[in-house]
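J.: pasted the sequence and its predicted model underneath.
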Amino acid sequence: MRVLLHSTILVCLLARLPVAWADDWPQWRGPLRDGVWRETGITEQLPKKLVYRWRVPIGGGFAGPAVVGNRVYVTDRISAKDALARENKPLLRELVSGGERILCLDTETGRIVWQRTYPCEYKISFPAGPRSTPTVHEGKVYSLGGMGDLFCLDAASGDVLWKKNYVADYGTKMNLWGMAAAPLIDGQRLVLLVGGNNDACVVALDKDSGKEVWRALDAADPGYSAPVIILAGGRRQLIVWNPVGLYGLNPQTGTVYWKQPAEIRMGHSVATPIFDAAQSQLFVTSFFDGPMMLQLAAQQPTARLLWKGHSHSELPANTDGLHSIISTPVLQDGFIYGVCSYGQLRCLDARTGKRVWETYEATDKGRWSTVHLVRHGERHVLFNDQGELIFAQLSPEGYKQQSRASLIEPTLQAGRRKVVWSHPAFAHRCVFARNDKEIVCADLSLSGADR
């Protein structure tokens, strides 16, 4: 009885202590696909020199890593020369025109656990490598390559469970920059932006068998923006943004609830749509055509245009709102924070779209400048395309940098600058980032980063 009493008291005391919570990063923009990092036990200030757990050489790619348990999943581009360096003659014969690779690494050491390589001839601009972050769910990895090669792999072994090819299976006509929209798990369904024939712009497959469940929308170009699920108008809605419009669909059947037409110049539907549940507002932004805000109804699955930008230009002097190329903004407490066409970090009033402030402090000023923004508690974590990690506060009053550190080298030549455009993963109190030469893991825990 005394032992039981002491144990009960101990449990109650421990329950009152702050708990350092570790989390995975299993897909594009995190566990809930909302760009929020919810782990605790993270350092308050970035050190001048980050502490790396490991660094591992890999090939090129824009695809960010996914982290689940003791495994990291990432994709890259591999050439015949790479195969020759590994003295892999059978692989060399397959990769005459190059290939793509799906890698599984050990979270603690970076050791390669398994890899799956397949031939893939690139016919797209910026042919540096795959674009789409893998999606990991219930022991399976769903990987989408730049030319539309979709694989469902066993997460532990890398064995192929089933596969598809967008071009061969759906008649997809490859767009300028290749397939980039990260696969989305919704219940038993795997939702994909395919851009295929016969109303196959959006396709839902059974996640375990690969069998088609439904298809929807007649749009030849699926764009590059990842689909998301929101709750609005009393319904779960699948939000799809492609170069001809923004849609709300029934995720179970593919039935269209509503459509907001929006012709996007050069197919620049890239950034992920973001949703403010409190205000029931849905926001998108594109490089040339700028921002657009929709008001979703409270009692039914409908939407109306609240406001949109008026300029159709990339030039800073002509942009009246937010003209993002890659960066997905943050919509928080009635304000929007995002990066514009030439690196301007801007704040907009979400009610009107009017600009509140702008700064170049977080970016390298230049065309196509990119910053990936992630919310963490009361602050924001920014990863700019110069490979720098930044802790900052974003508010209507302005940008306030708290600390800044170099994380990884920018290696991709984009115009006159070298950049890194892949989204990092934040998991296990670490940051996992990649460029075209390596993937790194840096410790951001209170005990690790502060050493």
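T.: Arrived safely, thanks for sending.
J.: drop to CA atoms for contacts and neighbour counts, all remaining ones
T.: Noted.
J.: strands along the stretch 1-150 of the chain, start to end?
T.: For the stretch 1-150 of the chain, the strands defined by DSSP state E, counting those that start in this stretch cover 51-57, 66-68, 71-78, 99-106, 112-119, 135-137, 140-144, 149-154.
J.: contacts for the first one, please.
T.: When contacts are defined by Cα atoms under 8 Å, 6 or more residues apart in numbering, strand 51-57 is touched by residues 108-111, 437-444, 448-449, 451.
J.: rewinding a little: closest one to residue 409 among the strands of the stretch 1-150 of the chain?
T.: Among the strands of the stretch 1-150 of the chain, strand 51-57 comes nearest to residue 409, with 12.1 Å by Cα to Cα.
J.: got the angle for the closest one vs strand 112-119?
T.: Per axes from the mean of the first three to the mean of the last three Cα atoms, to 10 degrees, the angle that strand 51-57 makes with strand 112-119 is 40 degrees.
J.: in strand 51-57, what's buried?
T.: For strand 51-57, a neighbour-count test (16 or more other Cα atoms under 10 Å) marks 51, 52, 54, 55 as buried.
J.: and if you look at stretch 217-227?
T.: Neighbour-count burial for stretch 217-227, with 16+ other Cα under 10 Å as criterion, is recorded at 217, 219, 220, 221, 222, 223, 224, 225, 226, 227.
J.: same question for stretch 204-220.
T.: Residues of stretch 204-220 classed as buried: 204, 205, 206, 207, 210, 213, 214, 215, 216, 217, 219, 220 (neighbour count, 16+ other Cα under 10 Å).
J.: for the residues you listed, give me a markdown table that also has distance to residue 259, secondary structure and pLDDT.
T.: Shown next, in a markdown table, are those (distance: Cα to Cα, whole Å; DSSP: H, G, I helix; E, B strand; the rest coil; pLDDT from 0 to 100):
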| residue | distance to residue 259 | secondary structure | pLDDT |
| --- | --- | --- | --- |
| 204 | 19 | strand | 98 |
| 205 | 23 | strand | 98 |
| 206 | 25 | strand | 98 |
| 207 | 27 | coil | 98 |
| 210 | 28 | coil | 98 |
| 213 | 22 | strand | 98 |
| 214 | 18 | strand | 98 |
| 215 | 16 | strand | 98 |
| 216 | 13 | strand | 98 |
| 217 | 11 | coil | 97 |
| 219 | 13 | coil | 82 |
| 220 | 16 | coil | 83 |
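J.: would you turn the buried residues of strand 51-57 into a markdown table with pLDDT and distance to residue 430?
T.: Formatted as a markdown table, these follow (pLDDT from 0 to 100; distance: Cα to Cα, whole Å):
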| residue | pLDDT | distance to residue 430 |
| --- | --- | --- |
| 51 | 96 | 10 |
| 52 | 98 | 9 |
| 54 | 98 | 11 |
| 55 | 98 | 13 |
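J.: shaky segments in the chain?
T.: Within the chain, the stretches with pLDDT under 70 are 1-21, 80, 82-94, 96, 449-451.
J.: 90 instead?
T.: 1-22, 78-98, 219-220, 262-268, 310-320, 341, 364-367, 415-416, 447-451 (pLDDT under 90).
J.: circling back: nearest to residue 196, out of the strands of the stretch 1-150 of the chain?
T.: The nearest among those, by Cα to Cα, is strand 149-154 at 13.5 Å.
J.: that closest one pairs with which strands, and in what direction?
T.: Taking DSSP bridges as the criterion, strand 149-154 pairs within the sheet with strand 140-144 (antiparallel), strand 160-165 (antiparallel).
J.: angle of it against strand 99-106?
T.: Strand 149-154 runs at 30 degrees relative to strand 99-106, counting by the same axes, to 10 degrees.
J.: got the CA coordinates for strand 149-154 in PDB?
T.: Output of strand 149-154 as PDB, limited to C-alpha atoms (Å, rounded to 0.1, in the frame of the first residue of the first chain):
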ATOM      1  CA  ASP A 149       6.800   8.300 -61.200                       C
ATOM      2  CA  LEU A 150       4.800   7.500 -58.100                       C
ATOM      3  CA  PHE A 151       5.900   4.700 -55.800                       C
ATOM      4  CA  CYS A 152       4.400   3.100 -52.700                       C
ATOM      5  CA  LEU A 153       7.200   1.500 -50.800                       C
ATOM      6  CA  ASP A 154       7.500  -0.500 -47.600                       C
END
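J.: now do the buried residues in stretch 390-408.
T.: For stretch 390-408, the neighbour count (16+ other Cα under 10 Å) marks 390, 391, 392, 393, 394, 395, 399, 404, 405, 406, 407, 408 as buried.
J.: just checking, the fifth one touches residue 402?
T.: It refers to residue 394. No - the pair residue 394 / residue 402 is not scored as a contact, 10.7 Å apart, by Cα atoms under 8 Å.
J.: which one of the buried residues of strand 51-57 is nearest residue 433?
T.: residue 55 (9.8 Å).
J.: identify the bridge partners of the closest one.
T.: Beta-bridge partners for residue 55, by DSSP bridges, are residue 440.
J.: residue 138: which of the contacts of strand 51-57 is nearest?
T.: residue 108 (21.0 Å).
J.: so who does the closest one touch?
T.: So residue 108 contacts 53, 54, 70 (Cα under 8 Å, 6+ apart).
J.: do the same with residue 343
T.: By Cα under 8 Å, 6+ apart, the residues touching residue 343 are 360, 363, 364, 365, 366, 367, 368, 369, 370.
J.: and residue 168, that one's in a strand?
T.: No - according to DSSP: H, G, I helix; E, B strand; the rest coil, residue 168 belongs to no strand; its state is helix.
J.: next, count neighbours for it.
T.: Other residues lying near residue 168 total 11 when counted by other Cα atoms under 10 Å.
J.: residue ranges for the helices of the stretch 351-451 of the chain, please.
T.: Assigned by DSSP state H, counting those that start in this stretch, the stretch 351-451 of the chain shows helices spanning 446-449.
J.: which residue ranges form the strands in it?
T.: Ranges of strands in the stretch 351-451 of the chain, per DSSP E, counting those that start in this stretch, are 355-359, 371-376, 379-384, 388-395, 398-406, 412-414, 417-419, 425-427, 430-434, 438-443.
J.: out of these, the one nearest residue 242 is which?
T.: Closest approach to residue 242 among the strands of the stretch 351-451 of the chain is made by strand 371-376 (20.7 Å; Cα to Cα).
J.: hey, C-alpha coordinates of that closest one in CSV?
T.: Written as CSV, here are the backbone C-alpha positions of strand 371-376 (Å, rounded to 0.1, in the frame of the first residue of the first chain):
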residue,chain,number,x,y,z
VAL,A,371,12.0,31.8,-47.4
HIS,A,372,10.2,28.8,-45.9
LEU,A,373,8.2,30.0,-42.9
VAL,A,374,7.2,27.7,-40.0
ARG,A,375,5.4,28.7,-36.8
HIS,A,376,6.9,27.6,-33.5
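J.: tell me which residues are up against that strand.
T.: If you take Cα under 8 Å, 6+ apart as the criterion, strand 371-376 is touched by 35-39, 327-330, 338-339, 362-363, 380-385, 423.
J.: next, the angle strand 379-384 makes with it.
T.: Counting by the same axes, to 10 degrees, strand 371-376 lies at 160 degrees to strand 379-384.
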